[in-house]
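1. what shape does this take:
(one chain, ligands or ions: 1)
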Amino acid sequence: MPASEKGVTVGVLALQGAFQEHIARFASLNASSFTPRVRAIAVRRPEQLEQCDGLVLPGGESTAISLGLHNAQLTEPLRAWIAEGKPVWGTCAGMIMLAAIATGGKRGGQELLGGLDLQVGRNGFGSQVCSFEADVVFPMMGNQEYPGVFIRAPVVEKLLGDAVPQREAAAALTTSPNSLSVSVCPASALTLPRPPIEVLGWLPASAVPSVVAPDFTHTAGSAAIHGAHPPRDAHVVAVRQGRLMATSFHPELTGDTRLHAYFVREIILPSL
Ligand code: GLN
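-> Model prediction:
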């Protein structure tokens with residue numbers, strides 16, 4: 001039976017953070033005339049990955065999620081899952097987990113899964129009190145805006161054309177005694193053939209509250225930009241690379257299910 005009739009199973013990593021809300025959003029797709037039928041399950045153990053056609057890494061706190069993955073013995077199975085080309089969507093802390101390089105991390109670094117040729121800055125839009133809501137521009141949604149909820153969100157600092165050399169340079173920094181806060185994914189996460197990272201959505205500069213540190217500059221221009229083309233001063237907040245997608249905001253905290261639908265229809269279904 002084709003997956004479009006049988007339905008798909010989406011796992012939501014349920015160790016910490018906003019996993020219930022993601023499960024509720026996928027469930028609400030079924031209440032509309034959406035096809036395929038979606039079964040969303042909470043994932044806490046490695047063997048559950050076998051049931052999943054795609055996985056969401058929710059927002060929350062990336063250091064806690066890393067620790068939870070380690071304790072659940074899920075880190076390596078998840079890396080293998082990503083390496084197999086399975087669909088994964090990271091939101092906020094989940095975007096950090098998928099990045100090749102994260103700055104502003106905890107002292108001594110934190111464990112990243114990797115997969116995306118992306119450098120993010122943790123808490124780059126400021127602390128909890130700097131949380132904000134702003135409309136994200138999504139050309140793939142017919143240029144209709146999407147309500148972005150940003151909570152201690154990561155900033156996309158660089159789209160890395162090829163993250164391998166940049167990861168190596170960053171890895172060298174992590175061993176320096178003066179380096180407090182750079183984390184890198186394992187080199188093995190970048191050995192696979194990967195399509196280029198694409199921009200899906202962005203915030204116009206005018207939408208970013210002035211509380212954001214003034215020295216922050218979006219440097220997506222460091223790699224040739226694939227996908228949609230944001231204005232030079234925009235802040236990229238949604239990317240895709242093959243079957244990996246990441247958004248720096250929390251789509252599960254709004255009633256707008258267009259991104260959940262996109263993940264199912266445009267990333268999971270073609271992978272089956
Ligand atoms: N700043 C958090 C982190 O580093 C992410 C915040 C979020 O997911 N809302 O993990």
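2. quick one: low-confidence ranges for the stretch 101-250 of the chain?
-> When residues are selected by pLDDT under 70, those of the stretch 101-250 of the chain lie in 176-180, 210-224.
3. can you list the residues of it near the ligand?
-> 122-123, 151-152 (Cβ under 6 Å from any ligand atom). In short, each C-beta sits where N, CA and C put it, glycine included.
4. neighbour-wise, which one of those residues leads?
-> Within these, most neighbours by other Cβ atoms under 10 Å means Arg122, with 22 neighbours.
5. pretty sure that residue contacts Val156?
-> No: contact criterion Cβ atoms under 8 Å: Arg122 and Val156 do not qualify, at 11.7 Å.
6. need the contact list for Gly242.
-> 85, 194-195 (Cβ atoms under 8 Å, 6 or more residues apart in numbering).
7. now, which of those residues sits nearest the ligand?
-> For the contacts of Gly242, the minimum distance to the ligand (Cβ to the nearest ligand atom) is 23.7 Å, reached by Arg194.
8. which residues does the closest one contact?
-> 117, 241-242.
9. what does Phe138 give?
-> Neighbour list for Phe138: 144-146, 200-201, 238 [criterion: Cβ under 8 Å, 6+ apart].
10. of those, closest to the ligand?
-> Closest approach between the contacts of Phe138 and the ligand, by Cβ to the nearest ligand atom: Ala238, at 14.5 Å.
11. quote the end-to-end distance of stretch 47-63.
-> This stretch, stretch 47-63, spans 23 Å end to end (Cα to Cα, to the nearest Å).
12. what mean pLDDT does it get?
-> Mean pLDDT, computed over stretch 47-63, is 97.
13. now stretch 173-191: how far from the chain's centre is it?
-> Computed by Cα atoms, centre = their mean, to the nearest Å, the chain-centroid distance of stretch 173-191 equals 19 Å.
14. buried residues, that stretch. List them.
-> Across stretch 173-191, burial judged by 16 or more other Cβ atoms under 10 Å covers 173-174, 181-186, 189-190.
15. same check, this time on stretch 155-173
-> So stretch 155-173, judged by 16+ other Cβ under 10 Å, has buried residues 155-161, 163, 166-167, 170-171, 173.
16. just the C-alpha atoms of it, please, in PDB.
-> What follows is stretch 155-173, C-alpha atoms only, in PDB (Å, rounded to 0.1, in the frame of the first residue of the first chain):
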ATOM      1  CA  VAL A 155      21.000  32.800  15.200                       C
ATOM      2  CA  VAL A 156      22.100  31.400  11.800                       C
ATOM      3  CA  GLU A 157      25.600  32.800  11.700                       C
ATOM      4  CA  LYS A 158      26.900  31.100   8.600                       C
ATOM      5  CA  LEU A 159      25.700  28.800   5.900                       C
ATOM      6  CA  LEU A 160      28.800  26.800   5.300                       C
ATOM      7  CA  GLY A 161      29.500  25.900   1.700                       C
ATOM      8  CA  ASP A 162      31.400  22.900   2.900                       C
ATOM      9  CA  ALA A 163      31.500  22.600   6.600                       C
ATOM     10  CA  VAL A 164      34.500  20.200   6.700                       C
ATOM     11  CA  PRO A 165      37.400  22.800   6.800                       C
ATOM     12  CA  GLN A 166      35.400  25.200   8.900                       C
ATOM     13  CA  ARG A 167      34.500  22.500  11.400                       C
ATOM     14  CA  GLU A 168      38.200  21.600  11.600                       C
ATOM     15  CA  ALA A 169      39.200  25.200  12.300                       C
ATOM     16  CA  ALA A 170      36.500  25.400  15.000                       C
ATOM     17  CA  ALA A 171      37.500  22.100  16.500                       C
ATOM     18  CA  ALA A 172      41.000  23.400  16.900                       C
ATOM     19  CA  LEU A 173      39.600  26.300  18.800                       C
END
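17. so how far is it off the chain centroid?
-> That offset, for stretch 155-173, works out to 16 Å (Cα atoms, centre = their mean).
18. tell me which residues touch His235, please.
-> When contacts are counted by Cβ under 8 Å, 6+ apart, His235 touches 155-156, 202-203, 205, 208, 218.
19. same question for Pro58.
-> Each residue near Pro58 by Cβ under 8 Å, 6+ apart is listed here: 12-14, 17-19, 21-22, 91-94, 252.
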